[in-house]
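Visitor: can you look at this prediction? I've put the sequence above it.
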Amino acid sequence: MATIQLPDKISPPIAECDQRLGEYMRYYNQLEIALHAIFEKLLDTNITAARVISNPMSAQSLRDAIKSLGGARLKKPLFLELEKLLDRAKTCAGKRNFIVHGVWQIQIHINRHKNGQEMSRTAFWARWYEPSDPATIKEMYGPPRKPALIAKHKFTPAEITKMGELAFALAKELNAFTDKVALEPYLPREPLPIS
């Protein structure tokens with residue numbers, strides 16, 4: 001196997017990458033806390049009772065429970081707003097899984113002259129999540145190579161920072177939503193008609 005010559009400098013330093021990952025997790029935790037808060041509000045109980053129910057739930061189960069409770073306790077305009085917030089939370093959760101379960105990997109970019117001769121190399125760290133499905137890996141690297149599919153599984157430190165900021169902004173929106181929510185009473189169960 002051939003040895004790849006790395007540039008002298010790999011940007012940013014790995015310690016900075018780890019710091020950005022830690023900051024991302026702190027921001028994403030705020031989103032998780034906000035989801036638990038809206039669950040507590042919609043359930044109309046105290047935080048201890050709500051956490052007994054919600055803590056063992058997966059992120060998807062918690063979002064599903066929030067959506068079901070929202071359908072029962074909110075007027076339609078508020079429920080539609082909640083659905084949009086939950087859709088965004090789902091997108092954040094998908095990216096979070098790739099970031100958290102990924103590994104730091106050195107990415108090398110070879111700068112070539114128009115005649116094809118190598119001029120220089122740059123190297124940078126990226127968080128890489130390798131798909132478990134061999135068909136997806138084959139599809140990524142082709143032929144033809146699919147850069148968009150590769151990019152879906154690769155996150156630079158700057159992108160991780162941006163996604164943390166988006167998760168934190170969504171947490172603030174969810175908290176504002178929770179504060180303004182007025183609950184509708186549960187509708188009494190109607191007996192099923194006997195035919």
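Guide: Structure's in. What do you need?

Visitor: and the helix or strand where Ile66 lies, which residues are buried?
Guide: Using DSSP states H and E, Ile66 sits in helix 59-73. Neighbour-count burial for helix 59-73 flags Ala59, Leu62, Arg63, Ala65, Ile66, Leu69, Gly70, Arg73 (criterion: 16 or more other CB atoms under 10 Å). For the C-beta atoms, the positions are set from N, CA and C on the backbone; glycine is no exception.

Visitor: and which of those is nearest Pro188?
Guide: In terms of CB to CB, no member of the buried residues of helix 59-73 lies closer to Pro188 than Arg73, at 14.0 Å.

Visitor: excluding its backbone neighbours, what's nearest that closest one?
Guide: Leu183 (4.7 Å; CB to CB, 6 or more residues apart in numbering).

Visitor: surely that neighbour meets Thr45?
Guide: No: judged on CB atoms under 8 Å, Leu183 makes no contact with Thr45 at a distance of 11.5 Å.

Visitor: where does Gln105 land in three-state SS?
Guide: With DSSP: H, G, I helix; E, B strand; the rest coil as the basis, Gln105 sits in strand.

Visitor: and it, how close does it get to Lys162?
Guide: With distances taken as CB to CB, to the nearest Å, Gln105 is found 19 Å from Lys162.

Visitor: just how off-centre is the least confident helix or strand in the chain by mean pLDDT within its chain?
Guide: Least confident helix or strand of the chain, by mean pLDDT, DSSP states H and E, is strand 10-11 with a mean of 88. Strand 10-11 has its C-alpha centroid displaced from the chain centroid by 25 Å (CA atoms, centre = their mean, to the nearest Å).

Visitor: so what strands line up beside it?
Guide: With DSSP bridges as the test, strand 10-11 is paired with strand 118-128 (parallel).

Visitor: quickly find the element holding the residue positioned nearest the centre of the chain.
Guide: In the chain, the centroid-proximal residue (CA atoms, centre = their mean) is Cys92; its distance is 2.5 Å. Per DSSP H and E, Cys92 falls inside helix 76-100.
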